[in-house]
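In: I would like to see how this sequence folds:
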Amino acid sequence: MDDFDRSRIIIAAKEINKQCFVFRLPFHIVKDIIRNLDAPAKLQAREACKQFQAVIDEHWDDIPIFHSLKFFLRPSCKVKSDDIDVLKELLIEKSNRISSITWKWSIDELLEILPESMPRLEVLKLSSVSSGQLCKVYNIAPNLKDFTFERERVDEDNQFWPTVQKFKQLTALRMEDCFEMTLPNISSLMDYLKSNENLSCFAIPNMYNLTAEIATGLLTPIKNSLTELTMSVADLQGQDMLVISRCWKLRKLGLHDAVHLTEQGLVHLSKLTNLEDFQITFVDELAIDTAMRNFFVERQKNGCVPLRKLGIDTCYLLTDNGVDEILDFCPKLHTLNLSDCDKISGEFIDAWVTKCPLMVSLTLRYCSLKLSEAELKRHKENKRVKINLDYDLFNSRVKKVEPLQMSDDDNGL
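Out: Numbers count the residues shown, from 1 in each chain. Presented below is the predicted three-dimensional model:
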């Protein structure tokens, strides 16, 4: 090698050292990294170097705006004016490309920076929104397909649902937070559902006054199109599950506050032959081990597709043996989430992972874990399955301590 070649190699090495190490990765990986950052992280990354700024500006097509936890916990904090200016410029520049926005602050602040038209915007997640504000959103983005929003605790905006009806292409509707609808608004919502035969996702997990009669009125018009349903069933009895079982296309079902769920109700739900994702919370009156086993036996008889995701939250009667029997019927399960189940000790984790060869995620949160430090470490280092054990939080929650020794978690702060 002559001196000329050696000097070229040295110069090239120096140029590589100047380059950010991230850009030494294949470019499709760099784009995936950027795509998974939320807006605050992207704005900070733009300041790192000119390479980051150029790549982020070029590939920032979907903008999930400011939805990190710190902004939820501190709603009074304000966005930096510089960040708002950058977002406004990006929104205007990419108004024909952006397809997704998440905004957890005042909708008025968002409307101030949105361009006049966003024809490709299909996914919108907002906090509380009024009918007047929604009209402005419609004028900007009439082609919404997936809409998530919050309602006031007592929903008295009589023009809200007639405004929602303007979005003719809407296929997913999710209402978050706790709220109670007035009877006129319930009637308007029913009218909307009757007019939208294409709705495939409907979520009302925290609606207070959802009686059996109202549930029937809401679900009957969309029973042939729904593939995803999340709803509060606190006021529904076991026989009322029949109206849910008629939504025969359901692939994902979440039942919140299922305090009155019965074994017969689960038998009705076993008729959902396409169900792959089942989440259930607050089952505290049902002999859950036997009921869930019978539920899966009936699913097997009905020729149902194998369950791939299962979540059980706040179920004090669920036991290790009960879960073990359930997993006998779930050979293709890849996600299991058990939260706040006091009789789950974690002693069967190895057996559960073995029974489900496709499992990639196992979460035990606020359960009565009885595992040694060595077992906890071994589970954490599992290469095939991501095992999440929130044992520290549980131990601090049940440990007997003096008042002066209580942590913020113990006080619920």
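
In: Show me this structure divided up by domain.
Out: 22-60, 65-405 (automatic domain parsing).

In: for the first one, what is the average pLDDT?
Out: pLDDT averaged over domain 22-60 equals 73, rounded to a whole number.

In: quick one on the thing from earlier: can you say which of the domains of the chain is packed in most?
Out: Greatest average neighbour count among those goes to domain 65-405 (a mean of 17), per mean count of other CB atoms under 10 Å. In short, each C-beta sits where N, CA and C put it, glycine included.

In: who does the host helix or strand of residue 186 touch, helix- and strand-wise?
Out: Per DSSP states H and E, residue 186 falls inside helix 183-195. Judged by 3 or more CB pairs under 8 Å, 6 or more residues apart in numbering; DSSP states H and E, helix 183-195 is in contact with helix 160-164, helix 212-219.

In: what does it rub up against?
Out: 155-158, 160-162, 164-165, 181, 199, 202, 214, 217-218, 221-222 (CB atoms under 8 Å, 6 or more residues apart in numbering).

In: let's go with 7 Å and repeat that
Out: 155, 158, 161-162, 164-165, 181, 199, 214, 217-218, 221-222 (CB atoms under 7 Å, 6 or more residues apart in numbering).

In: Now stretch 229-242 - C-alpha only, PDB.
Out: What follows is stretch 229-242, C-alpha atoms only, in PDB (Å, rounded to 0.1, in the frame of the first residue of the first chain):
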ATOM      1  CA  LEU A 229     -65.300  -3.700  20.800                       C
ATOM      2  CA  THR A 230     -64.400  -2.200  24.200                       C
ATOM      3  CA  MET A 231     -67.200  -1.300  26.600                       C
ATOM      4  CA  SER A 232     -68.100  -1.000  30.300                       C
ATOM      5  CA  VAL A 233     -70.400  -3.800  31.300                       C
ATOM      6  CA  ALA A 234     -70.800  -2.800  35.000                       C
ATOM      7  CA  ASP A 235     -74.600  -2.700  34.700                       C
ATOM      8  CA  LEU A 236     -74.900  -5.800  32.500                       C
ATOM      9  CA  GLN A 237     -75.800  -9.200  33.700                       C
ATOM     10  CA  GLY A 238     -74.700 -12.600  32.300                       C
ATOM     11  CA  GLN A 239     -77.600 -12.900  29.900                       C
ATOM     12  CA  ASP A 240     -76.900  -9.500  28.500                       C
ATOM     13  CA  MET A 241     -73.700 -10.900  26.900                       C
ATOM     14  CA  LEU A 242     -76.000 -12.300  24.200                       C
END
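
In: how distant is it from the center of its chain?
Out: Mean-position distance between stretch 229-242 and its chain equals 21 Å (CA atoms, centre = their mean, to the nearest Å).

In: And the average pLDDT for that stretch is what?
Out: Mean predicted confidence for stretch 229-242 is 91.

In: Outside of it itself, list whatever touches it.
Out: 202-207, 210-212, 215, 244, 247, 250, 253-262, 264-265, 268-269.

In: Quick check: phi and psi at residue 264.
Out: In terms of degrees, to the nearest 10, the main-chain angles of residue 264 are phi -60, psi -40.

In: Grab the nearest non-local neighbour of it.
Out: Closest residue to residue 264 apart from its sequence neighbours, by CB to CB, 6 or more residues apart in numbering: residue 238 at 4.6 Å.

In: cool, residue 179 as well?
Out: Nearest to residue 179 is residue 151, by CB to CB, 6+ apart, at 3.9 Å.

In: Look up how far residue 120 lies from that neighbour.
Out: 27 Å (CB to CB, to the nearest Å).
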